[in-house]
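**Q** Pasting the sequence and the predicted model now:
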Amino acid sequence: MGQMKRYFKRLVVFPAIIITFQCLYLLRKAVEVVASVLRPVRHPAVVRTPEECFKGLEALGYSFRPNYVELPVGGGKMLPRVHYIDEGPRDASETILCLHGEPSWSFLYRHMVPGLVRAGYRVVVPDFIGFGKSDKFTHPESYSHELHCMTLRLLLDHLRLRDITLVCQDWGGLTGLPVVRDCSHLFSRLVIMNTGLPVGTSRSEKLMQAIPFLVWRTFCQMVGTALPVGRLFNMALVNPKPEVVKGYEAPFPSSLHKAGAAQWPLLVPLTANTPVAADMQATRDFLAKVWKRPALVMFSDGDPITRGQEKVFLRLMPHACTKTVCGAKHFLQEDKGEELTAHIVSFIGDKL
């Protein structure tokens, strides 16, 4: 009976929700077109979240010194200002690079940074453009997969990082792992959590598995820059305390600040005939054929979005260690940060 209910949801309920969201999206776009003609409004191309939005986060453990850089892209042009955490000794033998995903920011790693620093590591946690304390394009179309990958590559060059252990989750994996492929000489280890390398598919059975994500994607498409960040974290955390949820909302005081968060889910490839899908496939091939260094695949047991993706990574890298984090949802850094820290320290020390 329970299995029949699950099939009913996937075959009837979820597709009906997706179609409804698509219809509402088309209606919203039509209203926006009419409104832009009748009452045109000019917005700045880039905005910065006011510093006062982040007041009080020290009490929640986010008390790190901010670092900012404008990265050059050639011809005298610069990317919008990028924020990053950089804690621990600069001469540490190992650097741990922690990458957030959608719609989070470096606040997500606040429970992990102190423990990793105490273990003797340098820890770098950037905010991708459009998130956290980094500047934000106001138009969703300004964001691309290549923008985020390029930003990360340029930041690694700017900081001259070497002997890096990548810790990635959600879009941090979709962005960070292709950068590992491009700059593999900089990386020593991989810690892969609640993420994937989607290559798109036309096979019906895989499409059925992807339906929960498709519901999420069409919802994001429908609401656009009105994305309810707080409600998302209320659903995606095991114990969503109000002050913590406000911390995740802090970078997004208006819809102008949410363009990056609105666009990232739409960049996940649905078919194989897209540049992002090709990049994901090239990264899969790299992990399977080239990457022979240590890897830790560490997924939670309560994330419906990435459930099963750990098996993909273990097929690509049979030599990888694996850990299941019990009692955590999608944002396992928030739910089980201290446990993750202990596993990572043990992994780097070859004691896992």
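**A** Looks like it came in fine.
**Q** Residue 283 belongs to a helix?
**A** Yes. Assessed by DSSP: H, G, I helix; E, B strand; the rest coil, residue 283 belongs to a helix.
**Q** wouldn't it be in contact with residue 175 here?
**A** No. Look at residue 283 against residue 175 with CB atoms under 8 Å: they stay out of range, at 10.3 Å. (Each C-beta comes from the backbone N, C-alpha and C, glycine too.)
**Q** Show me the shaky parts of the stretch 1-150 of the chain.
**A** Within the stretch 1-150 of the chain, the stretches with pLDDT under 70 are 1-14.
**Q** just the strands in it please.
**A** Assigned by DSSP state E, counting those that start in this stretch, the strands in the stretch 1-150 of the chain fall at 46-47, 67-69, 72-74, 77-78, 82-87, 95-99, 122-126, 136-137.
**Q** Ok, which of those comes nearest residue 290?
**A** Set against residue 290 and scored by CB to CB, those come closest in strand 95-99, at 19.2 Å.
**Q** Pull up the pairing partners for that closest one, direction included.
**A** strand 122-126 (parallel), strand 164-169 (parallel) (DSSP bridges).
**Q** Taking strand 82-87 as reference, get the angle to it.
**A** Put simply, strand 95-99 runs at 140 degrees to strand 82-87, going by axes from the mean of the first three to the mean of the last three CA atoms, to 10 degrees.
**Q** Pull the residues that contact strand 95-99.
**A** 106, 109, 112-113, 116, 121-126, 128, 152, 156, 161-169, 172-173, 175-176, 344 (CB atoms under 8 Å, 6 or more residues apart in numbering).
**Q** If we use 7 Å, what do you get?
**A** 109, 112, 116, 121-125, 161, 163-168, 172, 175-176 (CB atoms under 7 Å, 6 or more residues apart in numbering).
**Q** re earlier: got the strands paired with strand 95-99 as a markdown table, with distance to residue 33 and mean neighbour count columns?
**A** Below are the strands paired with strand 95-99 laid out as a markdown table (distance: least, CB to CB, whole Å; neighbours: other CB atoms under 10 Å):
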| stretch | distance to residue 33 | mean neighbour count |
| --- | --- | --- |
| strand 122-126 | 36 | 25 |
| strand 164-169 | 37 | 25 |
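**Q** Put together TSV for the ones you listed, with distance to residue 38 on each row.
**A** Below are the strands paired with strand 95-99 laid out as TSV (distance: least, CB to CB, whole Å):
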stretch	distance to residue 38
strand 122-126	41
strand 164-169	43
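**Q** quick one: which of those is nearest residue 253?
**A** strand 122-126 (20.8 Å).
**Q** Now tell me what touches that closest one from outside.
**A** Residues contacting strand 122-126 (CB under 7 Å, 6+ apart): 82, 84-90, 92, 95-98, 106, 109, 113, 116-117, 155, 159, 161.
**Q** same thing but 8 Å
**A** 82-90, 92, 94-100, 106, 109, 112-113, 116-117, 134, 151-152, 155, 159, 161.
**Q** for stretch 319-335, same thing?
**A** By CB under 8 Å, 6+ apart, stretch 319-335 touches 104, 108-109, 111-112, 169-170, 190, 193-194, 233, 236-239, 244, 292, 294-303, 305-306, 310, 313-314, 336, 339-340, 343, 347, 352.
**Q** Let me know the helix or strand that residue 322 is in.
**A** Element membership of residue 322, judged by DSSP states H and E, is strand 321-325.
**Q** how far out from the middle of the chain is that strand?
**A** 20 Å (CA atoms, centre = their mean, to the nearest Å).
**Q** Please apply the same query to stretch 87-95.
**A** Remark: stretch 87-95 is offset 24 Å from the chain centroid, using CA atoms, centre = their mean.
**Q** What residues sit buried inside that stretch?
**A** Judged by neighbour count using 16 or more other CB atoms under 10 Å, the buried positions of stretch 87-95 are 87-88, 94-95.
**Q** before we move on, what about stretch 294-312?
**A** Quick answer for stretch 294-312 (16+ other CB under 10 Å): 294-300, 302-303, 305-307, 309-310, 312.
**Q** Kindly list the longest helix within the chain.
**A** For the chain, the helix that runs over the most residues, judged by DSSP state H, is helix 14-38.
**Q** name the helices or strands packed onto that helix?
**A** Here helix 14-38 touches helix 211-223, going by 3 or more CB pairs under 8 Å, 6 or more residues apart in numbering; DSSP states H and E.
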